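# need a 3D model of the sequence below.
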Amino acid sequence: MIQEGMRGEDQQQNHIFSYLSPEARVRKDHPLRAIRGMVDEVLNRPPFDCAGEAVAGAVARDATIRSERLLMEEMDYNLLFRWFVGLNADEEVWDATTFTKNRDRLLEVEVAKKFLA
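Residues are numbered from 1 along each chain as shown. All right, here's what the predicted structure looks like:
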């Protein structure tokens, strides 16, 4: 039960309407724009373009999000994450278990190693 206090009644808006896309919400000089551009460039290449490239050593880094479940939770409400992966604000995020299984399968193939290099 919500009590009235000095602020008055706690009324919250259950739905939000936005006429701006995630693209419009991410500032033009945000560092992820450059990374997304590189990712898009690699993903738009035909698969055979990656086959002849040498695989460089990858540099391991500490993860800022500790699990796929937390990543999906962050993606559920963070518009920057949604923009980066191409989800609109009202689209459902992926199930964490499905995401993990697909990630594991993707990392087993050679093209993923070349892409991440």
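# give the residue spans of the protein that score low on pLDDT.
Low-confidence segments of the chain (pLDDT under 70): 1-8, 10-18, 46-63.
# what ranges do the strands span in it?
Counting by DSSP state E, the chain forms no strands at all.
# now do the helices in the protein.
Using DSSP state H, the helices of the chain run over 22-25, 31-43, 47-51, 68-77, 79-85, 96-107, 110-116.
# separation between Phe81 and Val26?
11 Å (CB to CB, to the nearest Å). C-beta here means a position set from N, CA and C on the backbone, and glycine is covered the same way.
# check contacts around Val26.
For Val26, the contacting residues are 32-33, 79-80, 83, by CB atoms under 8 Å, 6 or more residues apart in numbering.
# try 7 Å this time
Applying CB atoms under 7 Å, 6 or more residues apart in numbering to Val26 gives the contacts 33, 80, 83.
# please apply the same query to Leu106.
Ala112.
# about what we covered before: would you list the contacts of Val26 in a markdown table and tack on distance to Trp94?
Formatted as a markdown table, the contacts of Val26 follow (distance: CB to CB, whole Å):
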| residue | distance to Trp94 |
| --- | --- |
| Arg33 | 23 |
| Leu80 | 17 |
| Trp83 | 16 |
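# ok, and what's touching stretch 36-45?
So stretch 36-45 is contacted by 84, 115 (CB under 7 Å, 6+ apart).
# what are the buried residues along that stretch?
Arg36 (16 or more other CB atoms under 10 Å).
# if we can go back for a sec, hmm, which of the contacts of Val26 are the buried ones?
Trp83.
# looking at the helices of the chain, which is nearest to Glu9?
helix 68-77 (25.2 Å; CB to CB).
# the closest one versus helix 96-107: what angle between them?
Helix 68-77 and helix 96-107 are oriented at 110 degrees to each other (axes from the mean of the first three to the mean of the last three CA atoms, to 10 degrees).
# just give the nearest non-adjacent residue to Trp94, would you?
In space, and not counting its chain neighbours, Trp94 is closest to Met72: 6.2 Å by CB to CB, 6 or more residues apart in numbering.
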